[in-house]
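Asker: What follows is a protein structure lacking sequence information:
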């Protein structure tokens, strides 16, 4: 964020009292409360859809979430001379969700369940739907990338301790990734041939065509303020089964706590108190959690970074992943065995 970006605030009908830099944003104290100026990398069509989603959430009145602030011309973004886009959003005074407070984590899950019930939008001509995300295609892509890096490491003549350690566990995690992908493929084939069903607050397969996910529902984007939880940063929203958001939050929280089965059950129970989960959604969640996503992230970061100096943090992440593998397998067996 630079001073030129601050000058863009003149395009809004807002009185700026003071500004300060935050994590990748500019925090603005204004006559309309706390606002955030943030760089936006998507297109304006998606921004219009995000605005529709946030308007629907606001109309439902069940979850507190950010609002996009239009500029004086009614647009949802402003641009610097080089074309860089920025958006202005509401925010609240508060702190991030405490990942070590079990009660707070359960409240975050209940908030997510309520949020999901609001995030259903049928496409309009002036605001078409996003392309539906395919987890299967994503996993197949990840698998190819893992094999590519394995070949690279095998051919590399001089290896660091980290590279030896990484190569040493590649066969195990590539096989795991393939097994999960094939299981997912069979699940998708079974799902595509089954009739639409729904019970209680669950979404039928027909309705699921119009559901959206937050896309980045993790503790950084869940603020705890005076009025309860406040959800921010919807820029990564996408069309996918909504269990995606629950998977992302659960994986983050469980990794921090060494995959305790009791905590997993508590989070699932908290979600189901507000929004029921179908049998297929449980299968979906199982495969997302079972896929070695964390290992792929470590490999991907290594391969796409400079290799002249490999951060010690890479080794620490790999060591922790390997140390947790037994706990993760035990978690999946205990929580999803039914």
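Answerer: Nice, I can see it. Please read these numbers as outputs of a predicted model, since none were measured by experiment.

Asker: Going by secondary structure, the closest residue in space to residue 140 that isn't next to it in sequence is in what exactly?
Answerer: Spatial nearest neighbour of residue 140, chain neighbours left out: residue 181 (6.2 Å); criterion: CB to CB, 6 or more residues apart in numbering. Every C-beta, even on glycine, is put in place using the N, C-alpha and C of the backbone. Take DSSP states H and E as the rule and residue 181 turns out to sit in helix 170-192.

Asker: How about residue 324?
Answerer: Taking DSSP H and E as the definition, residue 324 sits inside helix 312-336.

Asker: Packing partners of that helix?
Answerer: Counting contacts by 3 or more CB pairs under 8 Å, 6 or more residues apart in numbering; DSSP states H and E, helix 312-336 packs against helix 161-168, helix 243-256, helix 261-272, helix 279-290, helix 293-303.

Asker: what's the closest of these to residue 33?
Answerer: Between residue 33 and those, the tightest spacing by CB to CB is seen for helix 243-256, at 26.8 Å.

Asker: Any buried residues in that closest one, and which?
Answerer: In terms of neighbour count (16 or more other CB atoms under 10 Å), helix 243-256 has its buried residues at 243-251, 253-255.

Asker: Quick check: the farthest pair among those?
Answerer: Pairwise distances across those (CB to CB) peak at 17.9 Å, for the pair 243 and 255.

Asker: and the residue nearest to residue 140, how many residues sit next to it?
Answerer: When neighbours are counted by other CB atoms under 10 Å, residue 181 registers 19.

Asker: And it, how far from residue 130?
Answerer: Going from residue 181 to residue 130 by CB to CB, to the nearest Å gives 24 Å.

Asker: low-confidence ranges in this protein?
Answerer: Confidence mapping of the chain against pLDDT under 70 gives the ranges 1-3, 194-209, 338.

Asker: three-state assignment of residue 233?
Answerer: Under the three-state scheme (DSSP: H, G, I helix; E, B strand; the rest coil), residue 233 adopts coil.

Asker: Which residue, other than its chain neighbours, is closest to it?
Answerer: Once flanking residues are discounted, residue 233 sits nearest to residue 221: 4.5 Å by CB to CB, 6+ apart.

Asker: the inter-axis angle of the helix holding residue 324 versus helix 293-303?
Answerer: Angle of helix 312-336 versus helix 293-303, following axes from the mean of the first three to the mean of the last three CA atoms, to 10 degrees, is 160 degrees.
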